[in-house]
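Engineer: Just to be clear, the model below is a prediction. Sequence and coordinates:
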Amino acid sequence: ETAVVVFGLAPGWAQAQSSAPDILGTWVSVTGEVGQWSGALDTMAAGTATLEIKEQFGGVFKGVVTYRNAPTGPEFEGAEGIGFEQSEAILGVIDWDGHSITWVDHDDETVHRARLVNDKTMEDVAFEAGAHAVVNRMILIRQ
């Protein structure tokens, strides 16, 4: 006979799920840098990116990321084509450590790896390979 004991695991699972921090709201970039397929290596002015986290369930969330750039800066590529403003639906997950965050564009291929510094500050690094390759890093502040 083999007995399997699993009743002791359920409370730990419930604690892990409830430990995800609340990151709902609007996060706006305050500084950063970007490099992309066009050859541009440039700073990201304050307000270049806005992350709106609209729904969160435990450690998973969804929302919209919007990038805006002045006509003198590099254009962005996304589901809407190439332009100075792009909005894309995102899906994300908060790692079990409660600080590491990953989100992906729903209609594109950009991956963001972020770190929650505190309840109002997030550091983010993003990358996308391919014909419209892009890398960036930015600091976002919750509004």
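Structural biologist: Sure thing, it's come through.
Engineer: Which residues does the helix or strand where Glu88 lies contact?
Structural biologist: Element membership for Glu88 (DSSP states H and E) is strand 85-94. For strand 85-94, the surrounding residues in contact (Cβ atoms under 8 Å, 6 or more residues apart in numbering) are 20-21, 23, 51, 53, 59-69, 76-80, 100-108, 110, 112, 116. For every residue, glycine as well, the C-beta is placed using N, CA and C.
Engineer: Check which strands are paired with that strand and give the direction for each one.
Structural biologist: Counting by DSSP bridges, the strands paired with strand 85-94 are strand 60-68 (antiparallel), strand 100-105 (antiparallel).
Engineer: could I get those strands as CSV with mean pLDDT?
Structural biologist: Shown next, in CSV, are the strands paired with strand 85-94 (pLDDT from 0 to 100):
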stretch, mean pLDDT
strand 60-68, 95
strand 100-105, 96
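Engineer: quick one, which of those is nearest to Thr31?
Structural biologist: Among those, strand 60-68 comes nearest to Thr31, with 14.6 Å by Cβ to Cβ.
Engineer: buried residues in the closest one?
Structural biologist: Phe61, Lys62, Gly63, Val64, Val65, Thr66, Tyr67, Arg68 (16 or more other Cβ atoms under 10 Å).
Engineer: wait, the fourth one sits on Glu52?
Structural biologist: I take that to be Val64. Yes: using Cβ atoms under 8 Å, Val64 is in contact with Glu52, at 4.9 Å.
Engineer: give me the low-pLDDT residue ranges for this structure?
Structural biologist: Scanning the chain for pLDDT under 70 picks out the ranges 1-18, 70-83.
Engineer: Could you pull up the residues touching Val134?
Structural biologist: Val34, Gly35, Gln36, Trp37, Phe76, Glu77, Thr110, Ala126, Phe127, Glu128.
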